[in-house]
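> Whatever this is, show me its structure:
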Amino acid sequence: MNEFVELRYLLTLLLKRWPVILLGALLGAGLSLGISQQMSPVYEATATLLVGQPIQAPNVDSRDIQTSEQLAFTYAEIGRRQSVLQRAVEALDLDITWRQLQERVRFRPVEGTQLLDVIVEAGSREEARRTADELARQLILLSSVSEQDEASDETSQFIRQRLESLRERIATGQARVSELEAALASETAVDEMGRIQDELDDLERLITDWESSYAQLLALVDGEQSASLLEVIEPAHVELSPVWPRINLNILLGTVLGVLLATGIIVWRDYWDESLRSVDDLGHDLGLPPLGTVSKIKGRHYHDKLITSLAPFSPASEAYRMIRSSIRFICEESPCRTILVTSGTFGEGKSLTVANLGLVMAQAGHKTIIVDADLRRPVQHRIFGVTNEGGLTELLRTQAFDFEEQIQETGTESLSLLTSGASTANPSELLSSDYTELLLSALAEDADTVILDGPPVLSATDAALLASLVDGVVVVVESGRTEWQALGRTVTILQQAGANLLGAVLNRVSHKSGAYYYQSYHPDEQGDDGRSGRSSWWRLPIRTTRASDGTSETIGNGTGAGAKLSQ
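Below you'll find the model as predicted:
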């Protein structure tokens, strides 16, 4: 079962990364094609020789076949020797040595036959053809040297004389046999017929012996001639296409190699990738309840990423509402009036999570106050486009309980903002004072929910101090960036501070990561035919709400965070 799960995970991983595999295949094929085109073409020519004479006997002896094969292998070995190659180099006036020619030449006996192939590789068709023909010619010239040997000539002459003598005897004997057969047919005397028959039998036995000797001598002569005989039966021919480089094969191999390399890189990166990518990673391995996932939100400025205000029915807005509902379910028995939103490191999207979560809280009718408690790198005032004067630092310095003067309106009903205020050199000391807890309690009495935008846990001790003062803590995790060890240390620090960990929000999840998403589902987005439509991205859909006094109010066509929304 585990092996099946691992295989399924691997296949899923490769399917997700198919563009990388395709890119690897294209790069491999392109690189192979480029290299192949830069290589000099090599052409191959083949000439075929017949070793000895063809075996014409009706009953072929296996020894005859073995002898022919052995001769073919012998000539193949002779052809690679200096005597043959050097003569070919000189005859063709090649600008190479015989050893260099030896690297381009192959003599290949055709198994089970008397044939010998002479194979030559060269940079042009003509050079390959001429070299193969010249090597065949030189091998034939070398094999004919034995026939010029003097002793061999004397033996051959003697055998030929004996053959001539036997031929005459056989002819004379055949003539005498004809005479005796005629005499036997005309003779009537019994004694004379017996004598003629005896002479005829003796003469036939002699003729048989002479014919046998003649055949043996003739075979010997033919054997001497055929043993050293080489004959070109097929002159050198050259293929039209070069044998090297094999462009199609190289492209195929390059493509396969590119796919394997891309697959290896994908598996290697996944093996060593310690970042979290799915909600399953949070719940199963870290014991951190997943509150929801938020996809990447497009936009150049902070204001453009207030998705819950700009596009309240978008999948991202539904994701923030799901996070809001998850927090309400978790805090059903013990209400969480003050919530700290933090992250392990800087840049994981916690501030935008606070802003959008505050908006959906306000849209649900909950009076919400956002407190920018990140005194080191505050951004909430930039998100909502307000000033950063006074704020939290001013309240902490003066320890005044009249915080209403420092709270600013955001333009959204039921949502207020307490900015961080002027920067300070000792944020940890300010937040660690007893007044901080009193201030949070006072804010919680004035609002339904207080959301704190805290600093990253691993960057400063401020987050741990605030975590011990609030009712619940939400950790923002950036998909594909936050590593296991960093999140593990973050959870450990918060637990040591006595924080009530509500769960984690997986932020900036890619649509290809396989996480869960929420699609738009609203009656206002359906056309006349009932099919789902899409609202314009540049404006809010027109909505009508009914107030407590029974009057109706049309809200919409707003583009900023200040548009009045209700849910």
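
> Can you list the buried residues in stretch 70-82?
Within stretch 70-82, the residues that qualify as buried are L71, A72, Y75, A76, G79, counting by 16 or more other C-beta atoms under 10 Å. C-beta: built from backbone N, CA, C; applies to glycine.

> thought V475 was touching L288?
Yes: between V475 and L288 there is a contact under C-beta atoms under 8 Å: 6.8 Å.

> Flag the shaky bits of the stretch 101-250 of the chain, pLDDT-wise.
The stretch 101-250 of the chain contains residues with pLDDT under 70 at 144-156, 219-228.

> The chain too?
Under the criterion pLDDT under 70, the flagged ranges of the chain are 1-5, 53-65, 144-156, 219-228, 273-286, 401, 511-567.

> the residue most distant from the middle of it, which is it?
Distance from the centre of the chain peaks at A189, with 106.6 Å (C-alpha atoms, centre = their mean).

> wouldn't S213 be in contact with L166 here?
Yes: at 5.8 Å, S213 counts as touching L166 under the criterion of C-beta under 8 Å.

> The two: who's more crowded?
L166 (19 against 16; other C-beta atoms under 10 Å).

> Which residues lie in contact with the nearest residue to the more buried one once chain neighbours are set aside in this structure?
In this structure, L166 finds its nearest non-sequential neighbour in Y214, 4.4 Å apart by C-beta to C-beta, 6 or more residues apart in numbering. Going by C-beta atoms under 8 Å, 6 or more residues apart in numbering, Y214 touches L163, L166, R167, I170.

> doesn't the first one fall inside a helix?
Read that as L163. Yes: when classified by DSSP: H, G, I helix; E, B strand; the rest coil, L163 is found to be part of a helix.

> mind checking how far it is from R205?
Relative to R205, L163 is positioned 20 Å away (C-beta to C-beta, to the nearest Å).

> if we can go back for a sec, which one of the buried residues of stretch 70-82 is nearest E445?
A76 (103.8 Å; C-beta to C-beta).

> what about L163 and R205, which has more around it?
For the pair L163 and R205, the greater number of neighbours falls to L163 (16 against 10), based on other C-beta under 10 Å.

> ok, for the more buried one, nearest residue in space, not its chain neighbours?
Sequence neighbours aside, L217 is the residue nearest to L163 in space, at 5.3 Å (criterion: C-beta to C-beta, 6+ apart).

> you'd agree that neighbour is up against L166?
Yes: using C-beta under 8 Å, L217 makes contact with L166 at a distance of 7.3 Å.

> Contact partners for W244?
W244 neighbours (C-beta under 8 Å, 6+ apart): M39, P41, V42, E121.

> State the distance from it to L101.
The value you get for W244 to L101, if C-beta to C-beta is used, is 17 Å.

> Repeat that for L240.
Relative to L101, L240 is positioned 24 Å away (C-beta to C-beta).

> Name the helix or strand for the residue nearest the centre of the chain, please.
In the chain, the centroid-proximal residue (C-alpha atoms, centre = their mean) is V259; its distance is 2.5 Å. Per DSSP states H and E: V259 is located in helix 247-272.

> what's the answer for V477, then?
Short version, using DSSP H and E: V477 is in strand 472-478.

> got it, and I339?
Using DSSP H and E, I339 maps to strand 338-343.

> Just give the strands next to that strand in its sheet, each with its orientation.
Here strand 338-343 has these sheet partners by DSSP bridges: strand 449-453 (parallel), strand 472-478 (parallel).

> Tell me which of those sits nearest to V267.
With distances scored as C-beta to C-beta, the stretch of those nearest to V267 is strand 472-478 (23.2 Å).

> Can you tell me the closest non-neighbouring residue to Y435?
Q399 (4.5 Å).

> what about the one you found, neighbour count?
Going by other C-beta under 10 Å, the residues that sit close to Q399 add up to 12.

> Centre of the chain to the strand holding V477, how far?
Relative to its chain's centre, strand 472-478 lies at 36 Å (C-alpha atoms, centre = their mean, to the nearest Å).

> how about the helices in the stretch 301-450 of the chain?
307-310, 315-330, 350-363, 380-384, 391-398, 427-431, 434-446 (DSSP state H, counting those that start in this stretch).

> May I see the buried residues of stretch 387-395?
Neighbour count says stretch 387-395 has N388, G390, G391, L392, T393, E394, L395 buried, by 16+ other C-beta under 10 Å.

> about what we covered before: wait, the residue nearest to Y435 sits on D434?
No: the pair Q399 and D434 does not pass the contact test of C-beta under 8 Å, sitting 9.1 Å apart.

> related to what we said a few turns ago, and the contacts of W244 as JSON lines, adding distance to V89?
Formatted as JSON lines, these follow (distance: C-beta to C-beta, whole Å):
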{"residue": "M39", "distance to V89": "25"}
{"residue": "P41", "distance to V89": "22"}
{"residue": "V42", "distance to V89": "19"}
{"residue": "E121", "distance to V89": "15"}
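
> Identify, from the residues you listed, the entry nearest to T345.
Nearest to T345 among the contacts of W244, with distances taken as C-beta to C-beta, is M39, at 51.1 Å.
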